[in-house]
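> give me the fold of what follows.
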Amino acid sequence: MAESTVHQSRSRDLDKLLLRPGNLVAPTFEPGAQLRDDLQEYARILVVGAGGLGCELLKDLALSGFKNLEVIDMDRIEVTNLNRQFLFRFSFFHP
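As a prediction, the model looks like this:
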């Protein structure tokens, strides 16, 4: 019971998009839980940049249940950026 409640709360916004028809989809679109589950399981998502916005986006995607996330960030990790990049910790600089 608790697991289904957690799953529902994690994918609430995704459910709004995928479990009901809308005016931006083709007439043949069939909303349903299977579509949501397939997207979470098989979709591959590439996020370019793991800075302030990229970190937030990655967190939201992971909490929404997406399993295949890839990240590209060519920048260096610096202490001054850690306040907005929660994917990295100060211990990275001091092992």
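> phi first, then psi, for the spatially most central residue of the chain.
Among the residues of the chain, the one closest to the centroid is Leu61, at 0.6 Å (Cα atoms, centre = their mean). With angles defined as degrees, to the nearest 10, Leu61 sits at phi -60, psi -40.
> can you tell me how far it is from Pro31?
With distances defined as Cβ to Cβ, to the nearest Å, the gap from Leu61 to Pro31 amounts to 20 Å. (Glycine included, C-beta is placed from N, CA and C.)
> same question, Phe88
38 Å.
> do Cys55 as well
Counting by Cβ to Cβ - Cys55 and Pro31 are separated by 31 Å.
> next one: Lys16
10 Å.
> name the residue in those two with the higher neighbour count.
When neighbours are counted by other Cβ atoms under 10 Å, Pro31 comes out ahead of the other of Lys16 and Pro31, with 15 against 10.
> pLDDT wise, what is that one at?
Turning to Pro31, the model gives it a pLDDT of 77.
> then Ser4?
55.
> how about Leu63?
Taking Leu63 on its own, its pLDDT is 86.
> cool, Arg20 as well?
In the predicted model, Arg20 carries a pLDDT score of 74.
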